[in-house]
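Colleague: Need a 3D model of the following:
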Amino acid sequence: MILNKLITKNYVLELAKSTGRIVIRKGDRIVMAEAEQNGKLLSEFDSYKNIFSDESDIKTSGSVDGVRVNADNYKKVFYKKLYKCKLSFSFQDQEALYGFGSHEEGVGNLRGKYRELYQQNLKACIPYFYSTNGYGCLFNANCFMEFHDDAHGSYVWLDAAEELDYYIICGDGFDQVTAGYRYLTGSVPMLPKWAFGYCQSKERYVDAEELMQVVEEYRRREIPLDLIILDWQSWPMDGGWGQKTFDPKRFPNPEKMLEEIHNENVKFMISIWPIMTGDCENQKEMKKEGCMLGNQSTYNAFSKKARDLYWKQANEGLFQKGVDAWWCDCTEPFENDWYGSIKPEPFERVNLNTQIAKIYRGRSDQRIFSDAL
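Modeller: Predicted structure coming up:
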């Protein structure tokens, strides 16, 4: 086996030219090792994108998680060659793994576990894990992923990628590895002090009067309060879902309401959605500028033009009124499992949610992929 070596002050990276296997050592200790056999597997397939017609049948439905809009009548056209990818690891016996975002199972150490990585109401995914052996692994992938450390092996599987692209970050402990992660992805500014205080939220407040009564009651009882959150349906109730303006009937003077909240030394957060319905003004403007995905209801967050227009709407309709913070709700705009009286099994949830999303953002299993990615 021919090895190429990259030698740094603290580490030696060994690359097997015949297999592409990577092993990183620090002195006599193995820091990270990919599997010796079949460590990297790529399976090529033809991918397609969906082209939606202006005459597509738009269907609106509702669940406990809000309004959803889907479209029929689209055709598939060839996009490019993509790959199903598998990267296998040889983890050390005492090695613990953490990361891949926030999930509802409440699992800490991922050793011996399996995890699906897709965005959903109860899942916030980050394609990165940290090892107590002194490294982190960040995947530059914009597709459905799975992590395995179980009877099937120890690997990360990618559903539809242009290439197997990942970064290995080495360091002495969590702080150094995290510093490397921040170097790659950018630094996150420290939140303001009030964001670490008590934040009051409920399903929603129906109007400005109820909102102010809650703030005043906290102050009357001398209970600390730093932030109050106005969840969904702040928009005009007769004007469509997701409009980024206050309902003039229930919140007739938002500037005054926010001034009174601020006078009580309380900040204000509002939830905003990527979905717009009912031919509201925001939706009409997005459609006119070609900034919607195929269902003509979800704005195309992969487009800079659409992102700029979305912020323009949020700024003019809400932020300039005195809003302090955003709750970017519904980051899973194509969820499809909040229906029925019984929660679907995990494998059913994966299929339901990823398949509906792939109609608009790509469907690798049926050889369809979106140019938005």
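
Colleague: List the buried residues for whichever strand or helix holds residue 32?
Modeller: Assigned by DSSP states H and E, residue 32 belongs to strand 29-33. If you call a residue buried by 16 or more other C-beta atoms under 10 Å, then strand 29-33 has these buried ones: 31, 32, 33. Bear in mind the C-beta positions are built from the backbone N, C-alpha and C, glycine included.

Colleague: pretty sure the first one is touching residue 136, no?
Modeller: Just to be clear, that refers to residue 31. No - assessed by C-beta atoms under 8 Å, residue 31 is found out of contact with residue 136, at 11.0 Å.

Colleague: sorry, back to before: ok, then the element right after the strand holding residue 32?
Modeller: The first helix or strand that comes after strand 29-33 along the chain, using DSSP H and E, is strand 40-52.

Colleague: Can I get that next one in PDB, CA atoms only?
Modeller: C-alpha atoms of strand 40-52 as PDB (Å, rounded to 0.1, in the frame of the first residue of the first chain):
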ATOM      1  CA  LYS A  40     -15.500   5.400   0.700                       C
ATOM      2  CA  LEU A  41     -18.200   4.300  -1.600                       C
ATOM      3  CA  LEU A  42     -19.900   6.400  -4.300                       C
ATOM      4  CA  SER A  43     -22.800   5.300  -6.500                       C
ATOM      5  CA  GLU A  44     -23.600   7.500  -9.500                       C
ATOM      6  CA  PHE A  45     -27.100   8.200 -10.800                       C
ATOM      7  CA  ASP A  46     -28.900  10.500 -13.100                       C
ATOM      8  CA  SER A  47     -30.700  13.300 -11.300                       C
ATOM      9  CA  TYR A  48     -33.700  15.300 -12.500                       C
ATOM     10  CA  LYS A  49     -35.300  18.600 -11.600                       C
ATOM     11  CA  ASN A  50     -39.000  19.300 -11.500                       C
ATOM     12  CA  ILE A  51     -40.500  22.000 -13.700                       C
ATOM     13  CA  PHE A  52     -43.800  23.300 -12.500                       C
END
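
Colleague: Tell me how many other residues crowd the closest residue to residue 153 other than its chain neighbours.
Modeller: Distances taken as C-beta to C-beta, 6 or more residues apart in numbering put residue 88 closest to residue 153, at 6.0 Å, once the chain neighbours are dropped. Residues lying near residue 88 (other C-beta atoms under 10 Å) number 19.

Colleague: Equivalent analysis for residue 94, please.
Modeller: Applying other C-beta under 10 Å, we find 8 residues neighbouring residue 94.

Colleague: check contacts around it.
Modeller: Listed by C-beta atoms under 8 Å, 6 or more residues apart in numbering, the contact set of residue 94 reads residue 132.

Colleague: pretty sure it belongs to a helix, no?
Modeller: No - counting by DSSP: H, G, I helix; E, B strand; the rest coil, residue 94 is not found in a helix; it is coil.

Colleague: what pLDDT does it get?
Modeller: Confidence at residue 94, expressed as pLDDT, is 94.

Colleague: And it, how close does it get to residue 172?
Modeller: Distance, residue 94 to residue 172, using C-beta to C-beta, to the nearest Å: 16 Å.

Colleague: how about the strands in the stretch 51-200 of the chain?
Modeller: Assigned strands in the stretch 51-200 of the chain, in chain order: 58-63, 66-71, 74-88, 97-99, 102-103, 114-117, 123-124, 128-131, 135-139, 145-150, 153-161, 166-170, 199-200 (criterion: DSSP state E, counting those that start in this stretch).
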